[in-house]
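In: coords please:
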Amino acid sequence: MIPYGRQDIDANDRQAVLDVLSSDFLTQGPVVPRFEAAVATQCGAAHAVAVNSATSALHVACMALGLGPGDHLWTVPNTFVASANVGIYCGAEVDFVDIDPDTYLMCPEALAAKLAAAETAGRLPKVVIPVHFAGQSCDMAAIGALARRYGFRVIEDASHAIGARHAGRPVGDCAHSDICVFSFHPVKIITTAEGGLATTNDPALAQAMELARSHGVTRDPALMDGPSDGGWYYQMVTLGYNYRMTEMQAALGLSQMSRLDEFVARRNALAARYDQVLDGMALVRPLQRPDNLSAYHLYPIRVADRGRVFAELRAAGIGVNVHYIPVHTQPFWRARGFAPGNFPNAESYYAQAISIPLYSGLTEADQDQVVAALRAAL
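Out: Residues are numbered from 1 along each chain as shown. I've put the predicted structure just below:
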């Protein structure tokens, strides 16, 4: 079976993890800060906060921005459920903005129209989470301009997009957002096995996320209520969680970062080859904005009779998948008042979507096998 995505682990990656296993620290040691610094430098951001998953990163980002009961969070339906769930974790109300039918990203025009209506109704969002689907950045300049006009905060869900660029700038520099979140799940661009990270240029937000990832506990006398009792002393100054990244995960991630540009270049080369060999077939290829460099986490195509094509590809040994079932159609969200038909662009895309294999270790022979099976199924 050729999977739709797969990690790329080499001898240096394995040695980096083994070195940690032979060291004094398995958690809360020196490697996590080094990994954070490497990602911050790559993104051009002032701060980076590593955690145990991108979901945790989204959660601590929402906490740092003060999202809570009575507030509203908006995201897109074309995403994994975590992008919306974090609003519920904080006690906020969640709503969705439909996607652009061509790029499958948050549509700035739909966002603008929804904001105008929400302003009239007195229900503007406190936080908006645009999702950089399949590795391609949303139009962050347009979304950032709306944030300044209407006063909401922005968290970029860049789980798919480390190494991507928008308008010549690296995704994660937070030029048009407050916080940007990455995922390091094994099928993503780089991996820490499980793990996530948030970048920001705001030191107060970085500090708040650092506290939230580690029980709200600090040993910093400057953050304590009253004097320290001694070198052993700590205080819990806010409510937090155990969202810390381990040293082994960070070591793997730090080693993987040395090949990030290589991974992104290879994914782009494979995507360009798909563009060429799939041209003229009865499918819709993913559209790329000309001002973007995608990290190409996914190569989603659209086909008629998706169910049959999906089943035939799986039977032929091609491990295709579908990204994503619109969040608002899930039972949990239907019980909160959403229904099929609410966001037609996301639903139309989902009805035809298949993610075909794309990862840095995919060979051209593998790719030819994918294309041959796809041609036969179509």
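
In: residue 306 versus residue 62, what's the distance?
Out: 34 Å (Cβ to Cβ, to the nearest Å). For the C-beta atoms, the positions are set from N, CA and C on the backbone; glycine is no exception.

In: same question for residue 77.
Out: Residue 77 sits 17 Å away from residue 306, going by Cβ to Cβ.

In: follow-up on the earlier one: with neighbour numbers in mind, choose between residue 62 and residue 306.
Out: A direct count of neighbours by other Cβ atoms under 10 Å for residue 62 and residue 306 places residue 62 higher, at 26 against 17.

In: what helices and strands are in contact with the longest helix seen in the chain?
Out: For the chain, the longest helix by residue count, based on DSSP state H, is helix 260-278. Contacts defined by 3 or more Cβ pairs under 8 Å, 6 or more residues apart in numbering; DSSP states H and E place helix 260-278 against strand 299-302, helix 364-377.

In: is it fair to say residue 113 lies in a strand?
Out: No: the assignment for residue 113, made by DSSP: H, G, I helix; E, B strand; the rest coil, is helix rather than a strand.

In: name the SS class of the residue of the chain most remote from its centre, please.
Out: Seen from the C-alpha centroid of the chain, the residue lying at the greatest distance (Cα atoms, centre = their mean) is residue 229, 41.2 Å away. Per three-state DSSP, the secondary structure class of residue 229 is coil.

In: residue ranges for the strands of the stretch 51-200 of the chain, please.
Out: 72-75, 93-96, 127-128, 153-157, 165-166, 169-170, 179-183, 196-200 (DSSP state E, counting those that start in this stretch).

In: can I get those in CSV including mean pLDDT?
Out: Converted to CSV, the strands of the stretch 51-200 of the chain look like this (pLDDT from 0 to 100):
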stretch, mean pLDDT
strand 72-75, 98
strand 93-96, 98
strand 127-128, 99
strand 153-157, 98
strand 165-166, 96
strand 169-170, 97
strand 179-183, 98
strand 196-200, 99
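
In: so which of these comes closest to residue 363?
Out: strand 179-183 (25.0 Å; Cβ to Cβ).

In: and the closest one, which strands flank it?
Out: strand 153-157 (parallel), strand 196-200 (antiparallel) (DSSP bridges).

In: got the contact list for the helix or strand following the last one?
Out: The first helix or strand that comes after strand 196-200 along the chain, using DSSP states H and E, is helix 203-213. Among residues not part of helix 203-213, those counted as contacts by Cβ atoms under 8 Å, 6 or more residues apart in numbering are 46-49, 51, 56-57, 59-61, 63-65, 178-179, 198, 200, 217-218, 223, 237-238, 240-241, 243-244.

In: recalculate using a threshold of 6 Å.
Out: 47, 49, 51, 60, 63, 64, 198, 200, 238, 240, 243, 244 (Cβ atoms under 6 Å, 6 or more residues apart in numbering).

In: could you list the buried residues of it?
Out: Buried residues in helix 203-213, counted by 16 or more other Cβ atoms under 10 Å: 205, 206, 207, 208, 209, 210, 211, 212, 213.

In: I'd like to know how far the residue farthest from the centre of the chain sits from residue 240.
Out: Distance from residue 229 to residue 240, counting by Cβ to Cβ: 21 Å.

In: repeat for residue 186
Out: Shown here: residue 186 relative to residue 240, a distance of 27 Å by Cβ to Cβ.

In: and these two? which has more neighbours close in?
Out: Taking neighbours as other Cβ under 10 Å, residue 186 and residue 240 compare with residue 240 leading, 20 against 15.

In: helices of the chain, residue ranges please.
Out: 11-21, 31-43, 54-64, 82-89, 108-121, 140-150, 203-213, 247-257, 260-278, 306-315, 331-334, 344-352, 364-377.

In: which helices and strands sit right next to the third one?
Out: This means helix 54-64. Other elements packing on helix 54-64 under the criterion 3 or more Cβ pairs under 6 Å, 6 or more residues apart in numbering; DSSP states H and E are helix 82-89, strand 179-183, strand 196-200, helix 203-213.

In: try 8 Å this time
Out: strand 47-51, helix 82-89, strand 153-157, strand 179-183, strand 196-200, helix 203-213.

In: same list (the strands of the stretch 51-200 of the chain) but as a markdown table, adding mean neighbour count.
Out: Listed next are the strands of the stretch 51-200 of the chain as a markdown table, based on neighbours: other Cβ atoms under 10 Å:
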| stretch | mean neighbour count |
| --- | --- |
| strand 72-75 | 24 |
| strand 93-96 | 22 |
| strand 127-128 | 27 |
| strand 153-157 | 26 |
| strand 165-166 | 22 |
| strand 169-170 | 18 |
| strand 179-183 | 31 |
| strand 196-200 | 31 |
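
In: any idea which of these gets closest to residue 35?
Out: Set against residue 35 and scored by Cβ to Cβ, the strands of the stretch 51-200 of the chain come closest in strand 196-200, at 8.0 Å.
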